[in-house]
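# Show me how the following folds:
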Amino acid sequence: MSAATSRVLVAGIGNVFLGDDGFGVALARRLAARELGPGVDVVDYGIRGMDLAYALADYDAAVLLDATPRGGEPGTLYVIEPSAEDADGFDAHGMDPVAVLALARTLGGTLPRVLVLGCEPLTRMTGDEDEIVAELSEPVAAALAEAERLLEELITKGELP
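Below you'll find the predicted structure:
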């Protein structure tokens, strides 16, 4: 990454009241306390996918931090390059990374390169449960430190423009 000319958005997404869905927000909060380099902005978007879709136009690259159920062991980290072409619509209240990209594409302009740094959740809540769970499960919480290291590597090793 050419720090003098590139801008990178690190965006935490997810719902902190749905257990492990809050992984991206928790990681963004940890990262916000650190200096990741010039041109790197860390923002907690939570469930504000519409705001994130608009913000993408201002960056050369983005890393979305999110819970990503893919069938692995809870706490497994993934680096994924999603495609907006895979989206079949969007839900403004619960936007996954592909839906955010689809919305950003419909808003016009050129999308930046986007990666998702995701974590396999243990708990998967829908919001229809009687109780909220405002904490991460043990394996997902334990993955936060490694996720920080992995993000720094993506930024410093030139994985982003």
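# just for this structure, where's the confidence low?
1-5, 83-110, 125-127, 129, 161 (pLDDT under 70).
# quick one, strands of it?
Taking DSSP state E as the test, the strands found in the chain are 8-13, 40-46, 61-67, 77-80, 113-119.
# any idea how far residue 61 lies from residue 20?
Remark: distance between residue 61 and residue 20 (C-beta to C-beta, to the nearest Å) = 26 Å. From N, CA and C alone the C-beta is placed, and that goes for glycine too.
# now residue 80
When residue 80 is compared with residue 20 (using C-beta to C-beta), they lie 17 Å apart.
# who has more neighbours, the two?
residue 20 (26 against 16; other C-beta atoms under 10 Å).
# residues contacting the more buried one?
Contacts for residue 20 (C-beta atoms under 8 Å, 6 or more residues apart in numbering) come out as 67, 74, 119, 121-124, 136-137, 140.
# same check, this time on residue 21
Contacts of residue 21 (C-beta under 8 Å, 6+ apart): 14-15, 67, 121, 124-125.
# In the protein, spot the helix with the most residues.
Using DSSP state H to define each element, the chain has its longest helix at helix 144-156.
# With only the CA atoms kept, save that one in PDB.
Only the C-alpha atoms of helix 144-156 are listed here, as PDB (Å, rounded to 0.1, in the frame of the first residue of the first chain):
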ATOM      1  CA  LEU A 144      -9.600 -11.200  18.300                       C
ATOM      2  CA  ALA A 145      -5.900 -10.900  18.900                       C
ATOM      3  CA  GLU A 146      -5.000 -13.100  15.900                       C
ATOM      4  CA  ALA A 147      -7.500 -11.100  13.800                       C
ATOM      5  CA  GLU A 148      -5.700  -7.900  14.700                       C
ATOM      6  CA  ARG A 149      -2.400  -9.400  13.600                       C
ATOM      7  CA  LEU A 150      -3.900 -10.700  10.400                       C
ATOM      8  CA  LEU A 151      -5.300  -7.200   9.600                       C
ATOM      9  CA  GLU A 152      -1.900  -5.600  10.200                       C
ATOM     10  CA  GLU A 153      -0.400  -8.100   7.900                       C
ATOM     11  CA  LEU A 154      -2.900  -7.300   5.100                       C
ATOM     12  CA  ILE A 155      -2.100  -3.600   5.400                       C
ATOM     13  CA  THR A 156       1.700  -3.800   5.700                       C
END
